[in-house]
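Visitor: here you go, sequence then predicted model.
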Amino acid sequence: MDFSDLFPFAPEVGYLGLGLVNFFGSLVPFVPLPGFLLLATMSVGNQFDLHILALLSAVTATAAKQIIFYVSYGGRRIIKEKTRKRMRPFERLVKRYGAAAAFFAAATPIPDDLVYVPLGLAKYSPKRFFIATLTGKIILSYIIVLISHHLGISLVEPFLENIDDTTPVYIGIAAFAAMMTSVVVLLLRLDWQRILGKFAPWTLDENNTDD
């Protein structure tokens with residue numbers, strides 16, 4: 001299977017298609033892969049402007065993550081107080097390193113919602129979150145675009161050459177999303193007071209309100 005078989009419609013959908021796939025792919029927690037793959041596919045060759053691709057990807061991803069952040073920001077009202085009590089030390093931890101944590105999560109292909117959801121629960125500054133996330137997404141998007149454009153898809157195709165059907169790839173993406181969702185559920189259930197009390201006792205201080 002050729003890498004482009006994953007998105008055979010890429011040349012036809014153009015910038016609008018990339019924006020929609022990237023936005024909704026980023027809006028669904030922990031499933032950034034479709035947007036990454038489509039961005040890489042469209043960056044090969046000279047059909048599309050590389051700067052538009054990178055900036056469009058960064059802006060649409062940031063817009064989606066901003067929604068997730070705001071949902072988490074208000075979601076603290078629907079989380080049980082027992083769960084909130086367990087989560088508060090972890091919220092204080094990510095809040096102290098908020099901008100750096102948001103930037104790192106955005107600039108790397110890690111499941112960034114593992115950072116964004118706690119930042120929202122901790123009511124981190126929306127402005128700082130937006131700037132850090134957009135900056136990180138721009139860097140990540142340019143990395144994907146430039147590598148895909150100059151090196152082609154030679155780095156990925158060896159993993160796909162023995163695959164004849166795209167279905168297992170899509171199933172793998174769905175399985176990854178389910179796994180990461182389970183990680184978040186676990187994150188909400190852990191006793192962070194006990195865990196962080198040993199390594200970062202300052203997170204147990206109810207008066208600690210560092211931004």
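Guide: Good, I have the coordinates.
Visitor: neighbours around the closest residue to residue 130 other than its chain neighbours, how many?
Guide: Counting by CB to CB, 6 or more residues apart in numbering, residue 66 is the residue found nearest to residue 130 once chain neighbours are left out, at 6.1 Å. For every residue, glycine as well, the C-beta is placed using N, CA and C. Look at residue 66: counted by other CB atoms under 10 Å, it has 19 neighbours.
Visitor: which ones are touching residue 66?
Guide: Taking CB atoms under 8 Å, 6 or more residues apart in numbering, we find residue 66 in contact with 126, 129-130, 133.
Visitor: could you identify the most distant pair in those?
Guide: Taking CB to CB, the two most distant members of these are 126 and 133; they sit 10.3 Å apart.
Visitor: which one's more surrounded, these two?
Guide: Set residue 126 next to residue 133 and count neighbours by other CB under 10 Å: residue 133 wins out with 27 against 14.
Visitor: show me where this protein has helices.
Guide: All helices of the chain, identified by DSSP state H, fall at 10-27, 33-43, 50-75, 81-96, 98-107, 113-121, 126-151, 157-160, 167-189, 192-199.
Visitor: turn those into a markdown table, including mean pLDDT.
Guide: Output for the helices of the chain, formatted as a markdown table (pLDDT from 0 to 100):
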| stretch | mean pLDDT |
| --- | --- |
| helix 10-27 | 81 |
| helix 33-43 | 79 |
| helix 50-75 | 92 |
| helix 81-96 | 77 |
| helix 98-107 | 92 |
| helix 113-121 | 85 |
| helix 126-151 | 93 |
| helix 157-160 | 54 |
| helix 167-189 | 70 |
| helix 192-199 | 74 |
